[in-house]
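Q: Here is my input, please return the structure:
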Amino acid sequence: MSFGDVIRSETRPSLIRLPTGIGGNASTIWYCDSGVDDAVYELKTLDLSALRTEDATFLIPTGIGGDSNTIWHCDGNADKIYELSIIDLLWIRGEFLPGDNPSGIGGDASTIWHCDINTDQVYELKTSDLSVQRMADAPGSPAGIGGDASTIWYTDTDDDKVYELKTSDFSVLRMADAPNTGPAGIGGDRRTIWYTDNNGLKVYELDAEPADLGGGGTLADVLVRAGFL
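A: Next comes the predicted model:
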């Protein structure tokens, strides 16, 4: 297998809602969808089914990510970013976003990656106050973003691709065709990719190919993918 290939997939948790965001790490999956009832979930890594769910803080949840101890979430109605509680999936704090059409968010306890489909930008936000730390032009039209402090997974709706972006400057490190058209969300950590889309209407685990030496980038990029940094 190679980067972006489908390892497994399952039908989305709700048949009456559209997938909008997904993230987490190897041991945890956070997910959100929008439709008749907007909701956030924790999914089981074993079979990608719903472990628990809660109504979204506001209408139109668009992105979610984080790690086992942290949930970052964004909303296209309130145009805010939130930190949610891992205990009950309810909001702890929230701030207005840098753009007005948030499409994805992810990261870990120390890092927040965010993208906005209106500004066509990717951002690193500060975990201290959720403000902008830096930003750059996004490849294509941003659909979703996630990862951890050393990895950025990203997907766009123009070319239906999944990418690894460089954490140093947000440029493209490598890319592959998405499993289906209509990418909606992506996240995970440097060895795990969770992905969802609006046409396949599924939740996927994709191959992160962490030890591939053909992915390009600097020696540091290769060592990160191989798990040495």
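Q: residue ranges with poor pLDDT in this structure?
A: Scanning the chain for pLDDT under 70 picks out 36, 211-229.
Q: Which parts of it are helices?
A: Ranges of helices in the chain, per DSSP state H, are 219-226.
Q: got the contact list for Ile92?
A: Ile92 makes contact with 82-85, according to C-beta atoms under 8 Å, 6 or more residues apart in numbering. C-beta: built from backbone N, CA, C; applies to glycine.
Q: Span of stretch 189-205 from start to end?
A: Stretch 189-205 has its terminal residues 12 Å apart, counting by C-alpha to C-alpha, to the nearest Å.
Q: so how far is it off the chain centroid?
A: Relative to the chain's own centre, stretch 189-205 is displaced by 9 Å; criterion: C-alpha atoms, centre = their mean, to the nearest Å.
Q: Going by neighbour count, which residues of it are buried?
A: Within stretch 189-205, the residues scored as buried using 16 or more other C-beta atoms under 10 Å are 189-190, 192-198, 200-205.
Q: what's the answer for stretch 7-27, then?
A: 9, 12-14, 17-26.
Q: of all the residues you listed, which comes closest to Thr62?
A: Thr20 (5.1 Å; C-beta to C-beta).
Q: got a list of what that closest one touches?
A: Taking C-beta under 8 Å, 6+ apart, one finds 32-34, 60-63, 184-185, 196 in contact with Thr20.
Q: So which bits of stretch 129-144 are buried?
A: By 16+ other C-beta under 10 Å, the buried positions in stretch 129-144 come out as 130, 135, 138-140, 142-144.
Q: I'd like the buried residues of stretch 7-27 written out as JSON lines, with distance to Ala109 added.
A: Putting those into JSON lines (distance: C-beta to C-beta, whole Å) gives the following:
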{"residue": "Ser9", "distance to Ala109": "28"}
{"residue": "Arg12", "distance to Ala109": "27"}
{"residue": "Pro13", "distance to Ala109": "25"}
{"residue": "Ser14", "distance to Ala109": "28"}
{"residue": "Arg17", "distance to Ala109": "28"}
{"residue": "Leu18", "distance to Ala109": "29"}
{"residue": "Pro19", "distance to Ala109": "25"}
{"residue": "Thr20", "distance to Ala109": "23"}
{"residue": "Gly21", "distance to Ala109": "18"}
{"residue": "Ile22", "distance to Ala109": "18"}
{"residue": "Gly23", "distance to Ala109": "13"}
{"residue": "Gly24", "distance to Ala109": "12"}
{"residue": "Asn25", "distance to Ala109": "10"}
{"residue": "Ala26", "distance to Ala109": "15"}
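Q: Which of those fall in strands?
A: 9, 17-25 (DSSP state E).
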